[in-house]
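Q: Give the three-dimensional model of this entry:
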Amino acid sequence: MDSTHTNTQHTRLLDALGAPNSSTRLRAALAAGTNPDPDLADALVARCAVEPDFFVRDMLTWALTRLPTEVTLPRLRAELRGERPQARGQALHTLSKIADADTWPAITRSLLHDPDDEVARSAWRAAVVLVPATRRRELAEDLAAQLGRGDRETRRSLSRAMLALADVAEQALRTGLDSRDPAIRAHAAATRRLLHDPDADFDGAVLEAKRIDALGPQRTESSAC
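A: Sure, this is the predicted structure:
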């Protein structure tokens, strides 16, 4: 295939990635993954930062996982230092799918505590995939420090991340269980329940934790008699 034809294909694919129609963008991302080309890496990463459609973003991530890691990882790590939350979040999501252990140092505490809930959730998911065995306890403590944060989805994401650290999560939850903040106590207690019963419903675990917290230890013991 001559270079002129290749350049024409690239131009058409790049135009399609930015097309107004999401179906056109989805097909372009699929094409990029089906025939992976390192020359498209910059365009795919850049599109991740601005793509509004969830399904297209997911396809872009898949396309990036098809490229050599020596091409994608430096570009994705650079996105983690950017100012746009979506760029950081999508880069974290893609890194979790690539699952290269050498990426762990890029998952910084600032990302784990990112003020944007979506970015933080992506960082938690990536962290539990990439964390080395020697850093699991430290990560569990970082996650536990954010108990009670955000809305239902954010709290559920945090609990799920802690479930992935089951062997060290129980001890990390102790500070939350003793917190003066009832929201933190309830979240910690619900997460502890899920550790012991992973099939339990998150919302049900939270409600039960709040009920027990409202009763207090003495009244809870009396009701059990």
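
Q: Show me the domain layout of this structure.
A: 7-130, 135-216 (automatic domain parsing).

Q: Buried residues of whichever helix or strand residue 15 is part of, list them for me.
A: In the assignment (DSSP states H and E), residue 15 maps to helix 3-17. Residues of helix 3-17 classed as buried: 13, 14, 16, 17 (neighbour count, 16 or more other Cβ atoms under 10 Å). Where you see a C-beta, it was placed from the backbone N, CA and C, and this is true even at glycine.

Q: Helix or strand next in line after it, which one?
A: Per DSSP H and E, the helix or strand that comes after helix 3-17 is helix 22-34.

Q: Any chance you could give me that following helix in CSV, C-alpha atoms only?
A: Provided in CSV are the C-alpha atoms of helix 22-34 (Å, rounded to 0.1, in the frame of the first residue of the first chain):
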residue,chain,number,x,y,z
SER,A,22,-21.7,9.5,17.5
SER,A,23,-22.2,6.4,15.4
THR,A,24,-19.6,7.7,12.9
ARG,A,25,-17.2,8.3,15.7
LEU,A,26,-17.9,4.8,17.2
ARG,A,27,-17.1,3.2,13.8
ALA,A,28,-13.9,5.2,13.5
ALA,A,29,-12.7,4.1,16.9
LEU,A,30,-13.6,0.5,16.0
ALA,A,31,-11.6,0.8,12.8
ALA,A,32,-8.7,2.2,14.7
GLY,A,33,-8.6,-0.8,17.1
THR,A,34,-9.2,-3.4,14.4
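
Q: How about residues contacting that helix?
A: 13, 16-19, 40, 44, 47, 51-53, 55-56, 59-60, 62-63, 65-66 (Cβ atoms under 8 Å, 6 or more residues apart in numbering).

Q: Tell me which of the residues you listed fall in helices.
A: 13, 16, 17, 44, 47, 55, 56, 59, 60, 62, 63, 65 (DSSP state H).

Q: rewinding a little: quick one: the helix holding residue 15 to helix 22-34, angle?
A: On the basis of axes from the mean of the first three to the mean of the last three Cα atoms, to 10 degrees, helix 3-17 is oriented at 140 degrees to helix 22-34.

Q: Helix 3-17 - what's its average pLDDT?
A: Averaging pLDDT along helix 3-17 gives 79.

Q: helices and strands around it, which ones?
A: helix 22-34, helix 41-48 (3 or more Cβ pairs under 8 Å, 6 or more residues apart in numbering; DSSP states H and E).

Q: I'd like those as a markdown table, with mean neighbour count appended.
A: Converted to a markdown table, these look like this (neighbours: other Cβ atoms under 10 Å):
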| stretch | mean neighbour count |
| --- | --- |
| helix 22-34 | 19 |
| helix 41-48 | 20 |
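
Q: quick revisit: looking at the ones in helices among the contacts of helix 22-34, which two lie furthest apart in space?
A: The widest separation within the ones in helices among the contacts of helix 22-34, taken as Cβ to Cβ, falls between 16 and 65 and amounts to 19.9 Å.
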